[in-house]
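Student: Okay, here's the prediction I keep looking at, along with the sequence it came from:
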Amino acid sequence: MFKLFKNKKNDRGLSVERGILVFQNTSEVIEAEKILKKSGRPVRVMGPPPEIQTGCDLVIEFPLIEELNILRELNENKIKPLSIVPVTAPLLEPVDLFHTRDYGDYLMVRAANMKITVEKKNRKIVNISGGGCPDVPYVAWQMVGKSLTETQRPRDLGYTLCAYALDLAYEELLKKC
C-alpha cells in the first residue's frame, strides 16, 4: 500500500499523485470517510485549500490511482463529491487539521476548532474547548476528568461537526501519548 501521507512517495521511490474530494457538506465528508476507511482505502480528512473552499470546511485527500475505485464505492453508497481536484500546485495543498502544543506537563491537540488537553503523566483529560455546537458541553462533561482510555470517544457521545473534530483530536492524542 502507498505510504501516502508520510513522504508522498511509493515503495519504488516514485511520487504519488494525490487528489482531493470536495463535498457539499461535512456530513457527506464524514460518511464518505467512514465508508472508504472501512474498505481499507488510504484516505484522510483535511482542511480544504483556500483556492477551492466552497463552504464545507473538510475535504478527503486520496491517491489519484485509487480514484475510479473510490468513486465506484461512493456511488454504490449514493454519495457524490461536488468535484475531484488533483493536487498539482502548492496552493492546492490541503491544510492539516491538527496542531499540537506541548505545555510541559500537558499536551493539547487542536483539530479544526476543537481542542483536547491531557495531563501527560496519566493521560487524563483536563480540558475540552472550542466549537459552538450544541453537543460540546455534554461531550466535555462526559470526558473531562477521565483518562483517554476510560472515556467514550467523542463521536459516540456527540453528533455534530464539533464532535467529529473532537474525535479527530482524540485519535491524534492516542497516537501521541
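Tutor: Yep, it's here. The shown structure was predicted, so the numbers you read here are calculated from the model rather than taken from an experiment.

Student: For residue 43, give me phi and psi.
Tutor: phi -120, psi 160 (degrees, to the nearest 10).

Student: Correct me if wrong: it contacts residue 60.
Tutor: Yes - with contact defined as Cβ atoms under 8 Å, residue 43 reaches residue 60; the gap is 5.2 Å. Where you see a C-beta, it was placed from the backbone N, CA and C, and this is true even at glycine.

Student: if I look at these two, which residues touch both of them?
Tutor: Jointly contacting residue 43 and residue 60 under the rule Cβ atoms under 8 Å, 6 or more residues apart in numbering are 33, 36.

Student: More neighbours: the two, which one.
Tutor: Neighbour totals were compared for residue 43 and residue 60, and residue 60 leads with 26 against 21 (other Cβ atoms under 10 Å).

Student: Just list the residues touching the residue nearest the centre of the chain, thanks.
Tutor: Note on the chain: the residue nearest the mean C-alpha position is residue 45, at 4.0 Å, using Cα atoms, centre = their mean. When contacts are counted by Cβ under 8 Å, 6+ apart, residue 45 is found next to 29, 33, 58-61, 97, 168.

Student: Any chance of JSON lines for these, columns pLDDT and secondary structure?
Tutor: Formatted as JSON lines, the contacts of residue 45 follow (pLDDT from 0 to 100; DSSP: H, G, I helix; E, B strand; the rest coil):
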{"residue": "29", "pLDDT": "90", "secondary structure": "helix"}
{"residue": "33", "pLDDT": "93", "secondary structure": "helix"}
{"residue": "58", "pLDDT": "85", "secondary structure": "coil"}
{"residue": "59", "pLDDT": "90", "secondary structure": "strand"}
{"residue": "60", "pLDDT": "93", "secondary structure": "strand"}
{"residue": "61", "pLDDT": "93", "secondary structure": "strand"}
{"residue": "97", "pLDDT": "76", "secondary structure": "coil"}
{"residue": "168", "pLDDT": "91", "secondary structure": "helix"}
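
Student: Dump the residues you listed to TSV, plus distance to residue 128.
Tutor: Compiled in TSV, those are given as follows (distance: Cβ to Cβ, whole Å):
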residue	distance to residue 128
29	22
33	22
58	20
59	25
60	25
61	26
97	16
168	13
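
Student: and which of those is nearest residue 68?
Tutor: When those are compared for distance to residue 68 (Cβ to Cβ), residue 60 wins out at 15.3 Å.

Student: which residue sits closest to the closest one, ignoring its sequence neighbours?
Tutor: Once flanking residues are discounted, residue 60 sits nearest to residue 21: 4.3 Å by Cβ to Cβ, 6 or more residues apart in numbering.
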